[in-house]
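Peer 1: give me the fold of what follows.
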Amino acid sequence: MTSRWVLPWGRSRTRTFLRLAFLSTIAAGIRGFGCLQVPKHSTRIHHDGKLGEIRVLTEARVENAHQRHAVSLVTNGSVRSLAVAPGSSGFGSSANGGELLCLALATCYCNDVYREAKKREIVVVRVTVEVQAEFGAAGESAKALRYRANIAARTTESEIRELMLHTDRVAEIQNTLRRGLEVQFEPGRAESLPHVGPSPD
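Peer 2: Numbers count the residues shown, from 1 in each chain. Below is the predicted model of the structure:
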């Protein structure tokens, strides 16, 4: 199974969106099954004015300094951390945005397979998801995204294949990328420091 999308906005917005897409996926799916599952103990669920319509508030924070890279994830008030090592220079992240984008798609699909299988009373034993992204020069958006999945379950092959196709149609991060979403950037504090101590290469 191969999927391709053309991202319909500018380069800077695309790069920002892809990173946010990954962090949103991990924040939503790090516990339990379901790409955008609401934690059972959470009370911060936002209604949009329509009966039954719910917004799940997902947040992520990255704090980086020399030899320190901290990632905090929040979904409706449920806070946890994700271990990602600093880059080889001691600054930045050891995982790049393209890798994290691929992980976002894989994580979302994997979690949603179990969620949708449960609705169909299908017992899934194993899920493998492989994602590839093609990038060009620095600042350019992804040229192609494709992924494939293998599923082992205690049901017929035809039901497994239908589950695979259905999950692709309802996976939230996949749908976000396919449909496009404007990313809003808000500049924060600019702190001027003296020229002492370690600095990135």
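
Peer 1: which SS class is the residue found closest to D168 once you drop the neighbours it is linked to in the chain?
Peer 2: The shortest distance from D168 to any residue other than its chain neighbours is 6.5 Å, reached at Q174 (CB to CB, 6 or more residues apart in numbering). Just so you know, the C-beta spots here come from the backbone N, C-alpha and C atoms, and that holds for glycine as well. Under DSSP: H, G, I helix; E, B strand; the rest coil, the three-state class of Q174 is helix.

Peer 1: residue contacts, Q174?
Peer 2: Contact partners of Q174, counting by CB atoms under 8 Å, 6 or more residues apart in numbering, are 3, 105, 108-109, 168.

Peer 1: so E134 bridges to which residues?
Peer 2: Each beta-bridge partner of E134 is listed here, defined by DSSP bridges: A144.

Peer 1: S141 is in contact with that one, correct?
Peer 2: No - at 10.4 Å, E134 and S141 do not qualify as touching, with contact defined as CB atoms under 8 Å.

Peer 1: so between those two, which is more surrounded?
Peer 2: Remark: of E134 and S141, S141 carries more neighbours, 17 against 11, as counted by other CB atoms under 10 Å.

Peer 1: tell me which element the more buried one falls in.
Peer 2: Using DSSP states H and E, S141 maps to neither a helix nor a strand.

Peer 1: buried residues in the longest helix that the chain contains, which are they?
Peer 2: For the chain, the helix with the greatest residue count under DSSP state H is helix 97-119. Applying a neighbour-count criterion of 16 or more other CB atoms under 10 Å, one finds 97-98, 100-117 buried in helix 97-119.

Peer 1: again, but for stretch 137-155
Peer 2: Buried positions in stretch 137-155, judged by neighbour count with 16+ other CB under 10 Å: 141-142, 145, 147, 149, 151, 153, 155.

Peer 1: among those, which one lies nearest to V125?
Peer 2: A153 (6.1 Å; CB to CB).

Peer 1: and the residue nearest to D168, how far from A138?
Peer 2: Q174 sits 26 Å away from A138, taking CB to CB, to the nearest Å as the criterion.

Peer 1: equivalent analysis for K119, please.
Peer 2: 43 Å.

Peer 1: low-confidence bits of this protein, can you list those?
Peer 2: Confidence mapping of the chain against pLDDT under 70 gives the ranges 1-53, 201.

Peer 1: and the helices in it?
Peer 2: Using DSSP H, the helices of the chain run over 11-29, 97-119, 157-170, 172-179.

Peer 1: redo those helices as JSON lines? Include distance to L73.
Peer 2: Supplementary listing: the helices of the chain in JSON lines, determined by distance: least, CB to CB, whole Å:
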{"stretch": "helix 11-29", "distance to L73": "4"}
{"stretch": "helix 97-119", "distance to L73": "12"}
{"stretch": "helix 157-170", "distance to L73": "22"}
{"stretch": "helix 172-179", "distance to L73": "15"}
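
Peer 1: of all these, which one is nearest V129?
Peer 2: Proximity to V129, assessed across the helices of the chain by CB to CB, is greatest for helix 97-119 (4.0 Å).

Peer 1: show me what the closest one is packed against.
Peer 2: Using 3 or more CB pairs under 8 Å, 6 or more residues apart in numbering; DSSP states H and E as the contact test, the elements touching helix 97-119 are helix 11-29, strand 124-134, strand 144-153, helix 157-170, helix 172-179.
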